[in-house]
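Student: Okay, structure incoming, though there's no sequence with it:
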C-alpha cells in the first residue's frame, strides 16, 4: 500500500524517516498542462502567490511508532492543483506543526493573511516541507518547525522544552506531524510580541496571533483537523515536557 497509516486518530511517533526522492513526482509529470492552466487561474485570483518549491508524498506508512515514506519536490502550482482536485492515488500532503504552549496553559495559533493560499484560516504556524528541510536527503521535522514559526511569528523555539517525541494525525489526503513546545511566557505576552513582529514586517504572512484557551471555544476560520489536535491537548493527551 502506498499509504498505510491509521486515519483520524492521534498516533505517537518516535521517529520520522521520510526521504526526498530526486525524481519528478508522477502526479506532477502526468498533469503538467492542467497544473499550468490552473496556476493561471490561481494567479489571476491572487497575484501574490509564488510558484516556489514544496514537497508531496508518494508513500507513507506507520510501523512500530515510526513514520516511513518518501516524497518528491514539486512546484507550488502543482500543490494548488492537487489541493483543488484531490484525492489522487499516490499523492498526499505531509506537513508539521509546532504547537506552542504558553506558561499559563494556552495555545498560540495564527490567522493567515489575505495574500496567502489560506486567507483567514486559523492553524498553528506551519508550511510545507521544502528542499532545505531535507539535509542529507531525510526530512528534519524540527528544522521545518523552527523555521516556519520564526518566519511567521518571530518566535524562536529551538532549544525550548518540548515533548520527547512527535505525534501525528492522518486524514484522507494528508498527515500532520506535531510536537508541543513549551514557552516561558504567558499567552498575552507571546501574542503581543507576535503582533509587534507582524507590524514591523513589510510583507507579513499572517494577520494576527490567535490565543486558544479552551477546546470548546474555537475561533472562526479554524481548520477542521485543528479541533482534533486542540481537543487532544486540552484532554491531557500525550506526554508533557
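Tutor: It's in. Since the model is a prediction, treat every value here as computed from it, not as a measurement.

Student: so residue 58, which of the three states?
Tutor: strand (DSSP: H, G, I helix; E, B strand; the rest coil).

Student: which non-adjacent residue is nearest it?
Tutor: residue 70 (5.2 Å; C-beta to C-beta, 6 or more residues apart in numbering). All C-beta atoms are positioned from the backbone trio N, CA, C, and that covers glycine.

Student: Number of residues surrounding that neighbour?
Tutor: Neighbours of residue 70 under the rule other C-beta atoms under 10 Å: 17.

Student: Wait, residue 14 touches residue 68, no?
Tutor: No. Residue 14 is beyond contact range of residue 68, at 11.7 Å (criterion: C-beta atoms under 8 Å).

Student: neighbour-wise, which of these two wins?
Tutor: Applying other C-beta under 10 Å to residue 14 and residue 68 shows that residue 68 carries more neighbours, namely 17 against 11.

Student: Phi, psi for the more buried one please.
Tutor: For residue 68, the backbone dihedrals are phi -120, psi 130 (criterion: degrees, to the nearest 10).

Student: Who does it form a beta bridge with?
Tutor: For residue 68, the beta-bridge partners are residue 17, residue 61 (DSSP bridges).

Student: Is residue 124 in contact with residue 99, as I believe?
Tutor: Yes. Assessed by C-beta under 8 Å, residue 124 is found in contact with residue 99 at 5.6 Å.

Student: Looking at this structure, name the residue that lies furthest from the middle.
Tutor: residue 33 (27.5 Å; C-alpha atoms, centre = their mean).
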